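**Q** turn this into a model:
(chains A and B)
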Number of protein chains: 2
Amino acid sequence: MKKKYLLAPGPTPVPEVALLDMARPIFHHRTDEFREVFKRVSEGLKYVFQTTSPVITQVSSGSGAMEASVVNLLSPKDKAIVVEAGYFGVRFSEICRAYEVEVVPIVLTWGEAVDAAAVRQALRENPDAKAVYTTFCETSTGVVHDVRALGEVVRKTEALLVIDAISGLGTMELRPDDWGIDIVVAGSQKALMIPPGLSFLSVSDKAWKVIEANKSPVYYFDLLAARERLESWNSRFTPALTLVAALDKSLGLIKEEGIENVWARHRMLGRACRAGAKALGLELFAKRPADGLTAVIMPEGIDAYEVYERLLKDYGVTVGTGHAKIRNRVIRLAHLGYAGRFDVILGLSAVEMVLKEMGADIEVGRGVAAAEEVFVTAD
Amino acid sequence: MKKKYLLAPGPTPVPEVALLDMARPIFHHRTDEFREVFKRVSEGLKYVFQTTSPVITQVSSGSGAMEASVVNLLSPKDKAIVVEAGYFGVRFSEICRAYEVEVVPIVLTWGEAVDAAAVRQALRENPDAKAVYTTFCETSTGVVHDVRALGEVVRKTEALLVIDAISGLGTMELRPDDWGIDIVVAGSQKALMIPPGLSFLSVSDKAWKVIEANKSPVYYFDLLAARERLESWNSRFTPALTLVAALDKSLGLIKEEGIENVWARHRMLGRACRAGAKALGLELFAKRPADGLTAVIMPEGIDAYEVYERLLKDYGVTVGTGHAKIRNRVIRLAHLGYAGRFDVILGLSAVEMVLKEMGADIEVGRGVAAAEEVFVTAD
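**A** You can find the predicted model right below:
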């Protein structure tokens, strides 16, 4: 027997009440019963997104919502500014280029956060840019970008601000309506605490106007058609209804806790995890760390991928590996969604033991102690 | 307490072993454990599809696979012949037109099956047509098209034959490799017996060549990119992993029964349901009825939508309504996927009682008796 623990930044653990819901007999979606669930879920999403605009639900991976945010807004030869600060920022550029959109990349060293001044500059140099794309929490580096500051810059222009909040939504304060963020992209398998399979987009009035005027081809990811069906609480195609019903349960937990408290919980977990890593003498990869996951640089001479493998094989703990070029340098500990203090304790404890076994110069227990300090002194 | 029964043609009931699997704690997808499941599922799909080609799994509704079969094959201004024999046939035309593909429709009266001669004629008149699109089982009318005969016609040309087998796959004999069918589109929520959220495509060598040469924009539904990742049993984006794991269980049941036996079971269920309806003096809507669902015309003076509502409210039985223009004329009884003899008995029994209550001139019990006759004499 090996007990298993999931500390990867998505898919993340699903609360028991939602898991059990998915074992219920299947029901039909063209019924008042389902429309009521879909209405409650759609309203609940507006609460989590902190927006008064309708939130569109799609059956797809998060990348499908990223695609929707490109093909509904832009046409071939349009210009988009893309913040390339990690693996997922680059994905926006890939999608834009696939649809013949001209990309003006803002290329950052991985681990860095974008400066609003750089976006202002890019917009000045490219006054014809139709949109600015960035991640909120860049899952590959653990960085959170200051999207509020970006909103201040972009809202003064004709351009739209689109953020990939797949791993950020529901972990850190985000107020798209107040902050001038036009499209927020999210996925089901992070802080929304259900399995992968659904993606979401909130869309501002400013963005709807652009979408309404855009004549480029779109069918499956057609946001206007989805919005029209949503008015009667219907989905356009057969919805992934077991996931929608599970989301109803997860959103219930979020509403019960209160979104500000959800953010505060993640803030505390992030702080504790960072304190633990530092107490072990480890460096954080992110210059501006997010609260939902912590990317930790492994000590000189220690292969991060081997740490990942040992955590999995010897301790049953799944953490995130480093993406691409930082695969052998970084591991990522998630404390995201259905996560509490002992997820941080467990992750730090496991890392301490593995590093010790691998001969790193660390003192076991120091990381856990530092995290506990944060917890006992937190309000 | 009202016990509920799901007899709609999708989503269909999910076997308990698959339902319970979805209540398991979440696991991670970039692991050997998941790759093993994904490999087994992908191989199992080839068995159900009866093909040696790789079967691509997507996170989307079935319509997402229909879209993939258009955008990967065709470019703007290409020409496609589309069999419009019902609601879902028309959807292929909608998708083609959304992507600026010229549609040559073969328009049939709802309830009719397409004649291979009509497709031969259309191909002769449009030798530049790149593809022929049709449903296999047209879910909205209960018709099964003779896709084997269509394959004989289309394989002699440069054109590709694409079939929407969303409700047909796993209910009736289908041999794409032998019959010259180039793309088979399927969904998870019918005879594959898991909830909605996954879609599938099998692709022939002839079709891959066209896809490889096609330069039209595609990203999320890029079949070449999906095939490449599938070679190492990876999915390109985060997969809907609870559904994939559940599918592993469902496919296990199908393999255990044997695909020919699965087809034979549906043949028997379809025969029994049709016999029952006829014994009640009711007419079938489909001229060439499929085995997975039976569309039944309600007697003169009886509103089919009211029958649907009474079945739901008074008996807890969900059947399919008629789509669009046949909404007040037809109900659809599914015997599809995780279905056995008593699903047919139950459906006929409920219909008999509701029709009697609504004053129709029928003799209760006659439908059930006729179905039982079929069952006791079946081999």
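**Q** ok, for A:T135, nearest residue in space, not its chain neighbours?
**A** A:D164 (4.5 Å; CB to CB, 6 or more residues apart in numbering or on different chains). Yep, even glycine has a C-beta here, placed from its N, CA and C like the rest.
**Q** please apply the same query to A:L282.
**A** Nearest residue to A:L282 in three dimensions, chain neighbours excluded: A:V296, at 5.1 Å (CB to CB, 6+ apart).
**Q** just give me the neighbour total for the one you found.
**A** A count of neighbours around A:V296, defined by other CB atoms under 10 Å in any protein chain shown, yields 31.
**Q** cool, and A:E260?
**A** 10.
**Q** secondary structure element for it?
**A** A:E260 belongs to helix A:259-279 when assigned by DSSP states H and E.
**Q** could you export that helix as CSV, CA atoms only?
**A** Provided in CSV are the C-alpha atoms of helix A:259-279 (Å, rounded to 0.1, in the frame of the first residue of the first chain):
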residue,chain,number,x,y,z
ILE,A,259,-14.1,34.7,-2.1
GLU,A,260,-12.1,37.1,0.0
ASN,A,261,-11.5,34.4,2.5
VAL,A,262,-10.5,32.0,-0.3
TRP,A,263,-7.9,34.5,-1.5
ALA,A,264,-6.7,35.0,2.1
ARG,A,265,-6.3,31.3,2.6
HIS,A,266,-4.2,31.0,-0.5
ARG,A,267,-2.2,34.0,0.6
MET,A,268,-1.4,32.3,3.9
LEU,A,269,-0.5,29.0,2.2
GLY,A,270,1.8,30.7,-0.3
ARG,A,271,3.5,32.7,2.4
ALA,A,272,4.1,29.5,4.5
CYS,A,273,5.4,27.5,1.5
ARG,A,274,7.8,30.3,0.6
ALA,A,275,9.0,30.7,4.2
GLY,A,276,9.5,26.9,4.4
ALA,A,277,11.6,26.8,1.2
LYS,A,278,13.7,29.8,2.2
ALA,A,279,14.3,28.3,5.7
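**Q** give me the contacts around that helix.
**A** Around helix A:259-279, the neighbours that count as contacts under CB atoms under 8 Å, 6 or more residues apart in numbering or on different chains are A:47-48, A:50, A:170-173, A:191, A:254, A:257, A:283-284, A:289-292, A:294, A:296, A:333, A:335-336, A:339-341, A:343-344, A:347-348, A:366-371, A:373-375, A:378.
**Q** buried residues in that helix?
**A** Neighbour counts over helix A:259-279 (16 or more other CB atoms under 10 Å in any protein chain shown) mark A:259, A:262-277, A:279 as buried.
**Q** and stretch A:354-367, by the same measure?
**A** A:V354, A:L355, A:M358, A:A360, A:I362, A:R366, A:G367.
**Q** ok, now stretch A:47-61?
**A** A:48-51, A:53-61.
**Q** need the distance between the two termini of it.
**A** With CA to CA, to the nearest Å as the measure, stretch A:47-61 spans 22 Å from end to end.
**Q** does chain B sit close to that stretch?
**A** Yes: using CB under 8 Å from any CB of the partner chain, stretch A:47-61 reaches chain B at A:V59, A:S60, A:S61.
**Q** and the gap between A:C137 and B:A240?
**A** 22 Å (CB to CB, to the nearest Å).
**Q** OK, contacts around A:K215?
**A** A:S75.
**Q** in which helix or strand would I find it?
**A** Per DSSP H and E, there is no helix or strand for A:K215.
**Q** gap between it and B:P196?
**A** With distances taken as CB to CB, A:K215 is found 30 Å from B:P196.
**Q** with A:W233 instead?
**A** 17 Å.
**Q** comparing those two, which shows the higher neighbour count?
**A** A direct count of neighbours by other CB under 10 Å for A:W233 and B:P196 places B:P196 higher, at 30 against 17.
**Q** what's the helix or strand where A:V374 lies in contact with?
**A** Using DSSP H and E, A:V374 sits in helix A:366-377. Identification of contacts with helix A:366-377 by CB under 8 Å, 6+ apart yields A:268, A:271-273, A:275-280, A:341, A:344-345, A:348-349, A:351-352.
**Q** and if we set it to 7 Å?
**A** Residues from elsewhere that reach helix A:366-377 (CB atoms under 7 Å, 6 or more residues apart in numbering or on different chains): A:268, A:271-273, A:275-277, A:279-280, A:341, A:344-345, A:348-349, A:351-352.
**Q** and of the residues you listed, the nearest to chain B?
**A** A:V351 (17.0 Å; CB to the nearest CB).
**Q** secondary structure class for that closest one?
**A** Classification of A:V351 by DSSP: H, G, I helix; E, B strand; the rest coil places it in helix.
**Q** what number of residues lie near it?
**A** So A:V351, with other CB under 10 Å, has 30 neighbours.
**Q** quick one, what contacts it?
**A** Counting by CB under 7 Å, 6+ apart, A:V351 has contacts A:G367.
**Q** look at it and report its pLDDT.
**A** Listed pLDDT for A:V351 reads 98.
**Q** got a list of what A:A18 touches?
**A** A:A18 neighbours (CB under 7 Å, 6+ apart): A:M193, A:I194, A:A246, A:K249, A:S250.
**Q** can I get those in TSV with pLDDT, distance to chain B and secondary structure?
**A** Listed next are the contacts of A:A18 as TSV, based on pLDDT from 0 to 100; distance: CB to the nearest CB, whole Å; DSSP: H, G, I helix; E, B strand; the rest coil:
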residue	pLDDT	distance to chain B	secondary structure
A:M193	98	10	coil
A:I194	98	9	coil
A:A246	98	9	helix
A:K249	98	12	helix
A:S250	98	12	helix
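**Q** let me know the helix or strand that A:V104 is in.
**A** Residue-wise, A:V104 maps onto strand A:102-107 under DSSP H and E.
**Q** is chain B contacted by that strand?
**A** No: shown here: strand A:102-107 not in contact with chain B (CB under 7 Å from any CB of the partner chain), separated by at least 13.4 Å.
**Q** given that strand, what are its sheet partners and their directions?
**A** Sheet pairing for strand A:102-107, assigned by DSSP bridges, gives strand A:79-84 (parallel).
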